[in-house]
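> quick one: sequence and predicted model below, then my questions.
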Number of protein chains: 2
Amino acid sequence: MFSKTCEYGIRATIFIASESFQNNRVGLKDIAKKIDSPEAFTAKILQILSKNNIIHSIKGVGGGFEIPKETMSQIKLSQIVTALEGNQVFTGCGLGLSHCSEEHPCPVHDKFKFIRNELAAMLENTNLEELASGIKSGDTFLRY
Amino acid sequence: MFSKTCEYGIRATIFIASESFQNNRVGLKDIAKKIDSPEAFTAKILQILSKNNIIHSIKGVGGGFEIPKETMSQIKLSQIVTALEGNQVFTGCGLGLSHCSEEHPCPVHDKFKFIRNELAAMLENTNLEELASGIKSGDTFLRY
DNA sequence: TCGATTCCATGATTTTTATCATATTTTAAG
DNA sequence: CTTAAAATATGATAAAAATCATGGAATCGA
Ligand code: FES
Ligand code: FES
């Protein structure tokens, strides 16, 4: 469904959010360990997220990544996905035609469109705050 | 969403079905042309589909691929997807955890499960006959 | 200022996926 | 029985995605 880049990116962001909840700044090593991801690869992903203002990075001793509490409830899953994979998942054709449209639909267009819209709506209506709270309470997990 | 293998596989199968409707057997070259796919790659995919009894192949002069009319309405999209990509799309975790389960859910589990089930149901409830008829009538397209 | 720590930038390598190429087998037809 | 047309099998190459590695830049504390 999603690329590894996107999977790691979402997991990392949720972890950072869950720590920022209690004002904890977290470093790369810690993130990679907690979400069970390759460290260097994760670093690249975090850089992209940082450039897209989804997470905030602080260099130097005692630095790390964080997400301001205020913005946490405003960051939606869709933003993370878009930053990391573009919007193909929201607009692309299920059978790989170069354009999805009503005028030139593929055989599964009508049925696929529905699923795609559900997915888009889900990503659009899910914010970081609710995801992070599940981690904090121990109800949900980011590895294994 | 789907791999190229799967996209080409579905498109090829629909095309074969639409031709089998009017008792036309079709060859590899023709298929690749009509669905705009690389010929040799398509050949490999067709072999897999053939081994999985989704399409029927006939070697030699005048040979090609076909789908018996009787079975056409019984072949579901889900079978094609499973044959070509396994069942990860039906059972896999949206965030890439190795197992998806209620006991050890990832943060998006509840919401993702819903989408995944919708997709699974769609693939399960869509058969080749209906897809092929759209092609025959000119309402849907397999390329561009 | 200096050194340690941490993110940042860039490129190399590996793995996976997609694509290409070649030779073999099967079969209908002449 | 030979030939040509097809699918099949297998392996090689190319492209993309994922992973690794290295050096640089910023920041803090001493
Ligand atoms: S054209 Fe294929 S999904 Fe819309
Ligand atoms: S555990 Fe992630 S979708 Fe079920």
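That came through, no problem. Ligands and ions are numbered 1, 2, ... in the order given.

> just to check, residue A:92 is in contact with residue A:120?
No - here residue A:92 does not reach residue A:120: they are 11.2 Å apart, not a contact under CB atoms under 8 Å. (C-beta placed from N, C-alpha, C; glycine too.)

> residue contacts, residue A:134?
Residues counted as contacts of residue A:134 (CB atoms under 8 Å, 6 or more residues apart in numbering or on different chains) are A:140, B:107.

> check which helix or strand covers it.
Element membership of residue A:134, judged by DSSP states H and E, is helix A:128-136.

> report the buried residues of the strand or helix carrying residue A:46.
Using DSSP H and E, residue A:46 sits in helix A:39-51. For helix A:39-51, a neighbour-count test (16 or more other CB atoms under 10 Å in any protein chain shown) marks A:42, A:45-46, A:49 as buried.

> could you report the pLDDT at residue A:108?
pLDDT recorded at residue A:108 is 98.

> so how far is ligand 2 from the most far-flung residue of chain A relative to its centre?
Going by CA atoms, centre = their mean, the residue of chain A most distant from its centre is residue A:103, 32.2 Å out. The spacing between residue A:103 and ligand 2, counted by CB to the nearest ligand atom, to the nearest Å, is 35 Å.

> before we move on, what about residue A:41?
20 Å.

> same deal with residue A:124?
With CB to the nearest ligand atom as the criterion, residue A:124 and ligand 2 are 18 Å apart.

> quick one: contacts for residue A:2?
Residue A:2 neighbours (CB under 8 Å, 6+ apart): A:10, A:81, A:85, A:89, B:94-96.

> count of neighbours near the closest residue to DNA strand D within chain A?
For chain A and DNA strand D, the shortest gap (CB to the nearest atom of the strand) falls at residue A:60, measuring 2.7 Å. Number of residues near residue A:60 (other CB atoms under 10 Å in any protein chain shown) recorded here: 6.

> kindly report the same for residue A:122.
Quick note: residue A:122 (other CB under 10 Å) scores 17 neighbours.

> check contacts around it.
Going by CB under 8 Å, 6+ apart, the list of residues near residue A:122 reads A:77, B:111-112, B:114-115.

> pLDDT score for residue A:5?
On the pLDDT scale, residue A:5 is placed at 98.

> okay, the buried residues of helix A:39-51 in TSV with pLDDT and distance to DNA strand C next?
Below are these laid out as TSV (pLDDT from 0 to 100; distance: CB to the nearest atom of the strand, whole Å):
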residue	pLDDT	distance to DNA strand C
A:42	98	10
A:45	98	10
A:46	98	6
A:49	98	9
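
> from the residues you listed, which single one is nearest residue B:32?
residue A:45 (36.9 Å; CB to CB).

> so the closest one sits against residue A:5, correct?
Yes - between residue A:45 and residue A:5 there is a contact at 5.8 Å, judged by CB under 8 Å.

> joint contacts of those two?
residue A:84.

> tally of neighbours for residue A:63?
12.

> would you check that it makes contact with residue A:28?
No - judged on CB under 8 Å, residue A:63 makes no contact with residue A:28 at a distance of 9.9 Å.

> could you count how many residues lie near residue A:71?
Going by other CB under 10 Å, the residues that sit close to residue A:71 add up to 17.

> which helix or which strand is home to it?
Using DSSP H and E, residue A:71 falls in helix A:69-72.
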